[in-house]
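Engineer: Sequence and predicted model, in that order:
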Amino acid sequence: MTQENQEIKLPAPRLDGDFSLEKAMQMRRSVREYSPEAITLEELSQLLWACQGISGSVSFQNEGKTVTIDLRTAPSAGALYPLEVFVVVSRVEGLEAGIYHYQPGSKDTSHSLIRIQSGDKGYELSQAALGQDCIKNAAVSFVMGAYVERTSVKYGERAEQYVFIEAGHAGQNICLQAQAFDIGTVTVGAFHEDKIAKLLGTDAKPVYMICCGKKKQ
Ligand SMILES: Cc1cc2nc3c(=O)[nH]c(=O)nc-3n(C[C@H](O)[C@H](O)[C@H](O)COP(=O)(O)O)c2cc1C
């Protein structure tokens, strides 16, 4: 039964593969048309991990106490992690269509998704992005939202620039990981921030989108 705020545990990411990074970089191209096939939950899980998953931790002393910070697959200025990742799911095996918010977890807990809306919202998402067909037809679209204030606490006016740079790092990770699965991606910057934020029900600033789907044969 559909439940908002329901947590869905994701399969653990795999940390090895047989598709070379060099091949992924050579073969990556923007793909805007997709087959009607679904992607698997394992593939979605891996793409989310590639984007913002936990990949380590660091401990340090602060005022006599040990503080541990989890680190992610993409670099972040000051390890302040301003990005929040949402997925607008249309076709993923074993996952109801809807909008989900990624929870990277921690080095001790698994990553997961929180369902924030049920139903296929691909069309609405495309309407907030100049009606682009790649969004309407995607199996999944990733939306990166940013809380710039997490970074401006330390970096002031440089923060906005840093946030965009970070979204680029995270986006490229998705594109290369997807290429290894022969999943097509296109990165999307042309959208109305306010409309996307409203659809997602977030006050994070939408900064980047990536559409994904199985390639047409
Ligand atoms: C910041 C940024 C924004 C982009 N926005 C869009 C977009 O809104 N719609 C789209 O179809 N492609 C978009 N693209 C994809 C580019 O058109 C594409 O990367 C470029 O044509 C080069 O082709 P390639 O990705 O196949 O190498 C964007 C790329 C970047 C880096």
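Structural biologist: Okay, I see it.

Engineer: Spell out the residue ranges of the helices in the chain.
Structural biologist: 21-27, 41-52, 122-127, 133-137, 148-155, 159-180, 193-200 (DSSP state H).

Engineer: and the protein, which residues reach the ligand?
Structural biologist: 29-30, 32, 132, 134, 186-190 (Cβ under 6 Å from any ligand atom). Just so you know, the C-beta spots here come from the backbone N, C-alpha and C atoms, and that holds for glycine as well.

Engineer: Low-confidence regions, this protein specifically.
Structural biologist: Counting by pLDDT under 70, the chain shows low-confidence ranges at 1-3.

Engineer: switch to 90 and redo it
Structural biologist: Residues of the chain meeting the criterion pLDDT under 90: 1-6, 107-108, 217.

Engineer: In it, which residue sits closest to the ligand?
Structural biologist: Scanning the chain for proximity to the ligand using Cβ to the nearest ligand atom identifies Gly189 as nearest, at 2.9 Å.

Engineer: what residues are up against the closest residue to Gly189 other than its chain neighbours?
Structural biologist: Ranked by Cβ to Cβ, 6 or more residues apart in numbering and with sequence neighbours excluded, the top spatial neighbour of Gly189 is Tyr208, at 6.5 Å. Residues near Tyr208 by Cβ atoms under 8 Å, 6 or more residues apart in numbering: 143-144, 164, 167-168, 170-171, 187-189.

Engineer: repeat that with 6 Å
Structural biologist: Tyr208 makes contact with 144, 167, 171, according to Cβ atoms under 6 Å, 6 or more residues apart in numbering.

Engineer: Tell me the bridge partners for Thr187.
Structural biologist: Ile210 (DSSP bridges).

Engineer: What count of nearby residues applies to it?
Structural biologist: Around Thr187 there are 16 other residues, counting by other Cβ atoms under 10 Å.

Engineer: what's the answer for Arg150, then?
Structural biologist: Arg150, neighbours per other Cβ under 10 Å, totals 19.

Engineer: hmm, back to that, quick check: phi and psi on the residue of the chain closest to the ligand?
Structural biologist: phi -110, psi -10 (degrees, to the nearest 10).

Engineer: Next one: it relative to Phe60, how far apart?
Structural biologist: 36 Å (Cβ to Cβ, to the nearest Å).

Engineer: Next: Ser110.
Structural biologist: 25 Å.

Engineer: Gly64 - how many residues pack around it?
Structural biologist: The tally of other residues near Gly64 (other Cβ under 10 Å) stands at 5.
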